[in-house]
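# model the following, please.
(2 chains)
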There are 2 protein chains.
Amino acid sequence: MAAKKPLILVTNDDGITAPGIMALISVMKELGDVVVVAPDSPQSATGHAITINNTLFINKVQIDEAVKTAYSCSGTPVDCVKFAVNEILHRKPDLCVSGVNHGSNSSINVIYSGTLSAAVEAGIEGIPAIGFSLLDYNWEADFEPAKRYIKKITENVINNGLPEGVILNVNFPKLPKSQIKGIKICRQAKAMWTESFDKRTNPMGRDYYWLSGKFVNLDKGEDTDEWALDHGYVSVVPVQFDLTAHHAIHQLNNWDM
Amino acid sequence: MAAKKPLILVTNDDGITAPGIMALISVMKELGDVVVVAPDSPQSATGHAITINNTLFINKVQIDEAVKTAYSCSGTPVDCVKFAVNEILHRKPDLCVSGVNHGSNSSINVIYSGTLSAAVEAGIEGIPAIGFSLLDYNWEADFEPAKRYIKKITENVINNGLPEGVILNVNFPKLPKSQIKGIKICRQAKAMWTESFDKRTNPMGRDYYWLSGKFVNLDKGEDTDEWALDHGYVSVVPVQFDLTAHHAIHQLNNWDM
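I've put the predicted structure just below:
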């Protein structure tokens, strides 16, 4: 590890009061100087949204004795990263970590997740970044078993860096420490949600809907994050934000256009 | 083209009243049966956000004589696609088109864009999809020069299909018809935004911020969408939603974990 302590930006999408971010901060304090900028309210499933049609409010908060710089922000997780880099730090941090999310961000969830989108934003800005998620939506979820893996993976990123244009999507199975088998580097499973809309009528007689859905894994591969998590492993997927389907370019060039 | 008219779902992120979606509908009417489900208010830069912590309201609207099924939705563009497929059509449409966006969605903007995220959502659900954008943020932008290319590209998708897991991101230069040189299949340019936050004080004395930024193209390649648009071409980028950085898996497997 570098002699100088790395500057680590911590954010999430469940909001600055979530137990998951406190678990992440507790590990990051051992590895570097920690700055926290996180949403002031839950921002799950906000994807890579940014706030351009509304104003942003920022509040300095005290969340941990060892963390001198902590702010809550009225915006999305991606707003938090942009604000932290440009208005608080006035430099790139050495690392950005996001989470620990209360709930899975494996496979296609990487696209919907505010937690992962914060890490992707850091990656776009050239900052090594990791998103962490635990497969337990409970507010009282047990983050203790994840901590040694969070530390191990983060140390590796600090020491080795990440390939250009790549961030990490790390998910933890909901298992006690003794049953986690280790870490697997994986690809994103092919999966989707089948939606159902719960239709209700409000007191004024107007119909409204709640979006809900069921996760469907369409992928039988044993090299996927879904397989690893189902079999007791921590999944690590390298994620890129060059979305070009390079393999399709040749085929499209044969079209009649 | 198939004998039976294809069922085409049209959406956008600028909202159902935007001139851009009317331009898109006017072309799609010539190619198939059109259903419109679009946000009831502007949803620019909402990325792949979905509405899980709030309710959704839907209104049937009349926007064009030839379009019998049109709804506005209080949610995001991705919500619109999910709602259309599950609650209105009760089947997958044959095609989903999103836009025409008022403003560029080239290069890294694909990640922030609600317009493109709607097309990506359709792609995840197995529906061939295209996002269209014009490099003109003006509400009175001239969509006429784009129409022949919208038709050409859409006909190709209807006739040839798209590779699995791929949707198209199409951007039009802001040029008169005579100066558009044709279509180029491109890769996403490496680019980012450098942010600046405009700090103000509200009448109650509290500070707030507006996010603004400057687009920076970091890519000198002549095979990118930015290059094509700068040189008078319509850019077509095949976009995938398997975000795995497959090339990085081997390197990560050599880490000490």
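
# when you work out contacts or count neighbours from here on, use the C-alpha atoms and nothing else.
OK.

# so which bits of the helix ranked longest in chain A are buried?
Counting residues, the longest helix found in chain A (DSSP state H) is helix A:144-160. For helix A:144-160, burial by neighbour count (16 or more other CA atoms under 10 Å in any protein chain shown) applies to A:Pro145, A:Ala146, A:Lys147, A:Tyr149, A:Ile150, A:Lys151, A:Ile153, A:Thr154, A:Glu155, A:Asn156, A:Val157, A:Ile158.

# would you turn these into CSV with pLDDT?
Listed next are these as CSV, based on pLDDT from 0 to 100:
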residue, pLDDT
A:Pro145, 98
A:Ala146, 98
A:Lys147, 98
A:Tyr149, 98
A:Ile150, 98
A:Lys151, 98
A:Ile153, 98
A:Thr154, 98
A:Glu155, 98
A:Asn156, 97
A:Val157, 98
A:Ile158, 97
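
# which of those come close to chain B?
Among these, the ones lying near chain B by CA under 8 Å from any CA of the partner chain are A:Ile153, A:Asn156.

# tell me the buried residues in the helix or strand A:Asp198 falls within?
Here A:Asp198 is covered by strand A:191-201, with elements defined by DSSP states H and E. Buried residues in strand A:191-201, counted by 16+ other CA under 10 Å: A:Ala191, A:Met192, A:Trp193, A:Glu195, A:Ser196, A:Phe197.

# also stretch A:166-184?
By neighbour count on 16+ other CA under 10 Å, the buried set for stretch A:166-184 is A:166-175, A:180, A:183-184.

# can you give me the strands for the stretch 151-257 of chain A?
Using DSSP state E, counting those that start in this stretch, the strands of the stretch 151-257 of chain A run over residues A:166-172, A:182-185, A:191-201, A:207-217, A:233-240.

# and A:Asn159, how far from A:Ile25?
For A:Asn159, the distance to A:Ile25 equals 19 Å [CA to CA, to the nearest Å].

# correction: the previous question concerned A:Thr11.
Distance from A:Thr11 to A:Ile25, by CA to CA: 9 Å.

# on that earlier part again, ok, and of the buried residues of stretch A:166-184, which contact chain B?
Near chain B, taking CA under 8 Å from any CA as the test, the members of the buried residues of stretch A:166-184 found are A:Val166, A:Ile183.

# any chance of the buried residues of stretch A:166-184 in JSON lines, with distance to A:Arg91 and pLDDT too?
Shown next, in JSON lines, are the buried residues of stretch A:166-184 (distance: CA to CA, whole Å; pLDDT from 0 to 100):
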{"residue": "A:Val166", "distance to A:Arg91": "20", "pLDDT": "98"}
{"residue": "A:Ile167", "distance to A:Arg91": "19", "pLDDT": "98"}
{"residue": "A:Leu168", "distance to A:Arg91": "22", "pLDDT": "98"}
{"residue": "A:Asn169", "distance to A:Arg91": "24", "pLDDT": "98"}
{"residue": "A:Val170", "distance to A:Arg91": "26", "pLDDT": "98"}
{"residue": "A:Asn171", "distance to A:Arg91": "29", "pLDDT": "98"}
{"residue": "A:Phe172", "distance to A:Arg91": "31", "pLDDT": "98"}
{"residue": "A:Pro173", "distance to A:Arg91": "35", "pLDDT": "98"}
{"residue": "A:Lys174", "distance to A:Arg91": "36", "pLDDT": "98"}
{"residue": "A:Leu175", "distance to A:Arg91": "38", "pLDDT": "98"}
{"residue": "A:Ile180", "distance to A:Arg91": "37", "pLDDT": "98"}
{"residue": "A:Ile183", "distance to A:Arg91": "32", "pLDDT": "98"}
{"residue": "A:Lys184", "distance to A:Arg91": "33", "pLDDT": "98"}
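
# A:Val239 bridge partners, please.
Note on A:Val239: beta-bridge partners by DSSP bridges are A:Ile167, B:Thr244.

# touching, it and B:His247? I think so.
No - at 10.3 Å, A:Val239 does not count as touching B:His247 under the criterion of CA atoms under 8 Å.

# higher neighbour count, those two?
Counted by other CA atoms under 10 Å in any protein chain shown, A:Val239 and B:His247 do not tie: A:Val239 has more neighbours, with 25 against 11.

# got the contact list for that one?
Counting by CA atoms under 8 Å, 6 or more residues apart in numbering or on different chains, A:Val239 touches A:Val166, A:Ile167, A:Leu168, A:Asn169, B:Leu243, B:Thr244, B:Ala245.

# save those residues as a markdown table, and put in distance to B:Pro19 too.
Below are those laid out as a markdown table (distance: CA to CA, whole Å):
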| residue | distance to B:Pro19 |
| --- | --- |
| A:Val166 | 38 |
| A:Ile167 | 38 |
| A:Leu168 | 40 |
| A:Asn169 | 39 |
| B:Leu243 | 33 |
| B:Thr244 | 36 |
| B:Ala245 | 38 |
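
# looking at the residues you listed, which is nearest B:Ile127?
B:Ile127 lies nearest to B:Leu243 out of the contacts of A:Val239, by CA to CA, at 18.4 Å.

# show me the contacts for that closest one.
A:Gln188, A:Val239, A:Gln240, A:Phe241, A:Leu243.

# phi first, then psi, for the fourth one.
So that's A:Phe241. Main-chain dihedrals, A:Phe241, degrees, to the nearest 10: phi -120, psi 10.
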